[in-house]
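**Student:** next input, structure requested:
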Amino acid sequence: MIRYVGIDLHKHLIVGHIVDAAGKTVATFRYESVDAATLDHIGRKRLTKDDHVVLEATTHCWAVVRALEPFAARVAVSNPMATKAIAKAKVKTDKVDAAVLAHLLRLSYLPEVWQPDHATRDLREWTARRSRIVGQRTAVINRLRSTLAQRLLDCPYGMTTRAARKWIAGQILDDDTRWLLESDLRLMDSLQAELDAMEKLLAKRGYVDPRVKLLMTLPGVSQHTAQSLLAAIGDINRFRNADVLASYLGLVPITRQSASHCYQGPITKQGRSHTRSLLIQSAQAVRTHPGPLGHFFRRLQKRKPHNVAVVAVAHKLVLLAWHLLTKGEPYRYALPQATQKKLGNLRLQATGEKRRPGLPPGTKKSPARIPGGSKRIKPLPEVYANEQVPPAAPAPAGELRHLAESKLNDFADGLQQAHIVPLRRIQKEDTDESQ
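**Tutor:** Reported below is the predicted structural model:
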């Protein structure tokens with residue numbers, strides 16, 4: 001007989017409510033601890049192989065899911081932000097919450113969340129920890145500058161450089177100020193050491209994942225942005241189109257519609273916040289890109305505020321990421337030198353290999369020098385082949401027509417021949433088009 005088990009999970013408390021298929025209460029339970037022994041006891045004494053279990057998403061819910069899965073037919077996780085029957089209830093207790101979860105699961109009204117696999121869970125934990133360490137290092141740097149500013153001092157160098165330390169050592173400071181500065185410098189060194197070790201491990205994981213290299217071909221997208229995006233996405237097949245992925249990451253506007261009235265506000269900011277933050281940083285780097293994305297950024301910036309243009313480019317990056325992952329192809333309009341540098345740094349950090357031994361058999365090399373240039377620049381197909389990235393598919397007719405309308409034909413042709421159109425020329429064409 002199928003039963004439905006609602007569990008209200010807390011840090012040190014588990015409250016359960018069991019109902020049958022007709023909605024009649026079968027049993028309730030309460031435990032004052034959440035550990036492996038308690039979960040094993042619940043699985044053996046309270047659950048059966050036909051039970052369907054549900055609990056709300058919390059910090060440690062996935063550990064509870066893994067512990068209860070062997071004892072139940074199904075373990076579902078509810079989205080607490082969308083469970084309105086609990087969030088907006090007038091009477092809200094642990095017993096009521098557990099009962100409501102059980103009934104919602106029985107009636108198939110439960111707003112569930114996708115359960116990531118083990119590899120995605122680990123990647124989420126690692127990328128989130130890296131973001132927190134970067135935030136802690138930034139806080140220490142800001143405190144260093146604040147301490148100096150309170151003494152009317154302003155360091156002209158980046159606080160993570162040797163020049164900054166040399167400059168601080170050369171200042172005339174009292175003993176208390178010196179101690180405060182050195183304390184923060186020691187903290188920054190320890191955080192940087194942890195960050196370097198973590199980035200090396202993340203590079204090893206990213207180098208063997210072909211999806212990371214595909215996403216890194218996007219302008220402004222680094223290894224860390226690619227891995228954070230993959231951690232948020234998990235299985236790309238669960239998003240039926242690119243717009244659903246953009247909505248999942250909170251990069252679509254809030255919409256309130258009733259009858260003939262429709263209001264659209266700022267972005268929803270749903271999903272993983274640090275992934276969205278990294279995408280915004282990537283979009284900031286696109287503003288000088290001479291390709292279609294940079295052209296879109298500069299064209300939009302002429303009639304919209306800067307931040308609106310940045311968010312719009314971040315939205316486009318997500319749309320492109322969906323197409324790259326679903327089709328298994330790299331970005332067609334990446335800059336060869338910048339892309340080679342990103343992929344080369346990933347290879348160097350992961351394997352210590354400074355350069356690839358050579359191109360795959362049958363791959364044609366570009367000329368030794370480009371017309372008017374002083375050194376050879378590898379074309380984009382050669383960069384992709386050298387770094388073991390799948391080749392980019394030819395652009396469809398509609399895309400070529402859009403490039404012609406945007407006056408970016410020379411740029412697209414130059415990528416294949418390693419002739420990069422100067423950015424000033426692209427910007428001048430953008431200005432002429434607006435006039």
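**Student:** quick one: the nearest residue to Leu153 once chain neighbours are set aside from Leu187, how far?
**Tutor:** Residue nearest to Leu153 in three dimensions, not counting chain neighbours: Gln171, with 6.4 Å by C-beta to C-beta, 6 or more residues apart in numbering. C-beta: built from backbone N, CA, C; applies to glycine. According to C-beta to C-beta, to the nearest Å, Gln171 stands 19 Å off from Leu187.
**Student:** what's the answer for Ala397, then?
**Tutor:** 57 Å.
**Student:** comparing those two, which residue is more hemmed in?
**Tutor:** Ranked by neighbour count (other C-beta atoms under 10 Å), Ala397 and Leu187 place Leu187 first, with 16 against 8.
**Student:** hang on, that one is in a helix, isn't it?
**Tutor:** Yes: assessed by DSSP: H, G, I helix; E, B strand; the rest coil, Leu187 belongs to a helix.
**Student:** wait, what's in contact with it?
**Tutor:** Val140 (C-beta atoms under 8 Å, 6 or more residues apart in numbering).
**Student:** quick revisit: ok, now how distant is the residue nearest to Leu153 from Leu181?
**Tutor:** Counting by C-beta to C-beta, the gap from Gln171 to Leu181 is 9 Å.
**Student:** which one of these two is surrounded by more residues?
**Tutor:** Leu181 (21 against 13).
**Student:** following the chain past the helix or strand harbouring that one, name the next helix or strand.
**Tutor:** Taking DSSP states H and E as the definition, one finds Leu181 inside helix 175-207. The first helix or strand that comes after helix 175-207 along the chain, using DSSP H and E, is helix 210-216.
**Student:** now the strands for the protein?
**Tutor:** Using DSSP state E, the strands found in the chain span residues 4-9, 14-19, 25-31, 52-56, 74-78, 253-258, 261-267.
**Student:** mind putting these into TSV with distance to Lys95 and mean pLDDT?
**Tutor:** Formatted as TSV, these follow (distance: least, C-beta to C-beta, whole Å; pLDDT from 0 to 100):
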stretch	distance to Lys95	mean pLDDT
strand 4-9	8	94
strand 14-19	6	95
strand 25-31	7	94
strand 52-56	15	94
strand 74-78	17	94
strand 253-258	35	87
strand 261-267	38	87
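**Student:** and Val208, which of the ones you listed is closest to it?
**Tutor:** In terms of C-beta to C-beta, the element of the strands of the chain nearest to Val208 is strand 74-78, at 29.1 Å.
**Student:** ok, residues contacting that closest one?
**Tutor:** By C-beta under 8 Å, 6+ apart, the residues outside strand 74-78 that reach it are 52-57, 61-62, 65, 68-69, 101, 104-105, 110-113, 115.
**Student:** is it true that Trp322 touches Arg238?
**Tutor:** No: using C-beta atoms under 8 Å as the test, Trp322 is too far from Arg238 to be in contact (11.3 Å).
**Student:** okay, those two: which has more neighbours?
**Tutor:** Set Trp322 next to Arg238 and count neighbours by other C-beta under 10 Å: Trp322 wins out with 19 against 11.
**Student:** measure that one to Leu300 for me?
**Tutor:** Taking C-beta to C-beta, one finds Trp322 at 21 Å from Leu300.
**Student:** and what of Val221?
**Tutor:** As judged by C-beta to C-beta, Val221 and Leu300 stand 19 Å apart.
**Student:** looking at those two, which is more packed in?
**Tutor:** Neighbours were counted for Val221 and for Leu300 using other C-beta under 10 Å; Val221 has more, 28 against 16.
**Student:** per-residue confidence at the closest residue to that one other than its chain neighbours?
**Tutor:** Excluding the flanking residues, the one nearest Val221 by C-beta to C-beta, 6+ apart is Ser282, at 5.1 Å. Here the pLDDT value assigned to Ser282 is 94.
**Student:** how about the residue nearest to Leu153, phi and psi?
**Tutor:** The phi/psi pair for Gln171 (degrees, to the nearest 10) reads phi -80, psi 150.
**Student:** is it true that it touches Thr147?
**Tutor:** No: applying C-beta under 8 Å as the test, Gln171 and Thr147 come out as separate, 11.4 Å apart.
**Student:** residue contacts, the residue lying closest to Leu180 once chain neighbours are set aside?
**Tutor:** Distance criterion C-beta to C-beta, 6+ apart; nearest residue to Leu180, sequence neighbours excluded, is Thr147 at 5.4 Å. By C-beta under 8 Å, 6+ apart, the contact list for Thr147 reads Thr177, Leu180, Leu181, Asp184.
**Student:** distance of the last one from Lys269?
**Tutor:** Here the criterion is C-beta to C-beta. By it, Asp184 lies 32 Å from Lys269.
**Student:** again, but for the second one
**Tutor:** Leu180 sits 36 Å away from Lys269 when distances are taken as C-beta to C-beta.
**Student:** returning to that earlier point: give me the pLDDT value at the residue nearest to Leu180.
**Tutor:** pLDDT for Thr147: 96.
**Student:** domain ranges for the protein?
**Tutor:** Domain assignment for the chain, taken from automatic domain parsing, gives 4-106, 135-203, 214-434.
**Student:** let me have the ones you listed in a markdown table, extended by distance to Arg129.
**Tutor:** Converted to a markdown table, these look like this (distance: least, C-beta to C-beta, whole Å):
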| stretch | distance to Arg129 |
| --- | --- |
| domain 4-106 | 14 |
| domain 135-203 | 7 |
| domain 214-434 | 10 |
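**Student:** mind checking which of those is nearest Leu123?
**Tutor:** With C-beta to C-beta as the measure, domain 214-434 is the member of the domains of the chain nearest Leu123 (4.2 Å).
**Student:** number of nearby residues for Glu56?
**Tutor:** So Glu56, with other C-beta under 10 Å, has 20 neighbours.
**Student:** got a list of what it touches?
**Tutor:** Shown in contact with Glu56 (C-beta under 8 Å, 6+ apart): Asp8, Leu9, Val77, Ser78, Asn79, Pro80, Thr83, Ile86, Asp97, Leu101.
**Student:** and those, which are buried?
**Tutor:** Buried members of these, counted by 16 or more other C-beta atoms under 10 Å: Asp8, Leu9, Val77, Ser78, Thr83, Ile86, Asp97, Leu101.
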